[in-house]
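Undergrad: Okay, structure incoming, though there's no sequence with it:
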């Protein structure tokens, strides 16, 4: 697909995100498919979800993204199959460098690090996943967790600030 088509599809997604209802849910799904260049069967995106860096977004099938969540995919965001993402979640793929002591942190360059979420993952409400994190398959992330390290083995319940393994499934 052409770059222009992908840009127009993303603009359509932004326009459709102002409205709710069955028609606009379908329109958001189709617009994301056009913007990413991939089919996404079973995708649900609430109208209040915000996505940036859609060119670097990879979505599996049966993904649900719920109310007031933010997905910053500039650094690369891969979400597997059968993933449920709760309300008010943030997934970030960028971070500020702060190695130059002569510059304010907000003026230093961004560091892009991909985030990968495996298949069959449930992300509870108010979860923040930081850049560079990998979540393995069949993982549950408890509400309110801040995930700043990877849990690639999967099959666990993680939670807390910072997140740690609470239970093995």
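TA: That came in fine, so what should we check first? As the structure is a computational prediction, the values presented were derived from the model and not from experiment.

Undergrad: List the residues that contact the residue lying farthest from the centre of the chain.
TA: With distances taken as CA atoms, centre = their mean, the residue sitting farthest from the centre of the chain turns out to be residue 102, at 32.9 Å. Not one residue lies near residue 102 by CB atoms under 8 Å, 6 or more residues apart in numbering. Quick note: C-beta positions are derived from backbone N, CA and C, even for glycine.

Undergrad: And the pLDDT at it?
TA: Looking at residue 102, its pLDDT stands at 93.

Undergrad: Repeat that for the one 10 residues further on.
TA: Confidence per residue is given as pLDDT, and for residue 112 that number is 97.

Undergrad: if you skip the residues just before and after it, what's nearest to it?
TA: Spatially, and ignoring its direct neighbours in sequence, residue 112 is nearest to residue 75 (3.4 Å; CB to CB, 6 or more residues apart in numbering).

Undergrad: Isn't that neighbour up against residue 116?
TA: No: the pair residue 75 / residue 116 is not scored as a contact, 11.1 Å apart, by CB atoms under 8 Å.

Undergrad: ok, back up a step: near the residue nearest to residue 112, how many other residues are there?
TA: 19 (other CB atoms under 10 Å).

Undergrad: Let's verify it: helix, strand, or coil?
TA: Following DSSP: H, G, I helix; E, B strand; the rest coil, the label given to residue 75 is coil.

Undergrad: list the contacts for it?
TA: For residue 75, the contacting residues are 53, 56, 93-94, 111-115, 131, by CB under 8 Å, 6+ apart.

Undergrad: Residue 49 versus that one, what's the distance?
TA: 18 Å (CB to CB, to the nearest Å).

Undergrad: And for residue 11?
TA: Applying CB to CB to residue 11 and residue 49 gives a distance of 16 Å.

Undergrad: quick one, which of those two is more surrounded?
TA: A count of neighbours by other CB under 10 Å puts residue 49 above the other of residue 11 and residue 49, at 21 against 12.

Undergrad: ok so, going back, which secondary structure element is home to the residue farthest from the centre of the chain?
TA: Under DSSP states H and E, no helix or strand contains residue 102.

Undergrad: Need the residue closest to the centroid of this protein.
TA: Nearest to the geometric centre of the chain sits residue 71, at 4.1 Å (CA atoms, centre = their mean).

Undergrad: who touches that residue in this structure?
TA: 49-52, 57, 65, 77, 90-91.

Undergrad: swap in residue 106?
TA: residue 96.

Undergrad: so it sits in a strand?
TA: No: under three-state DSSP, residue 106 falls outside any strand and is assigned helix.

Undergrad: per-residue confidence for the residue nearest to residue 112?
TA: 97.
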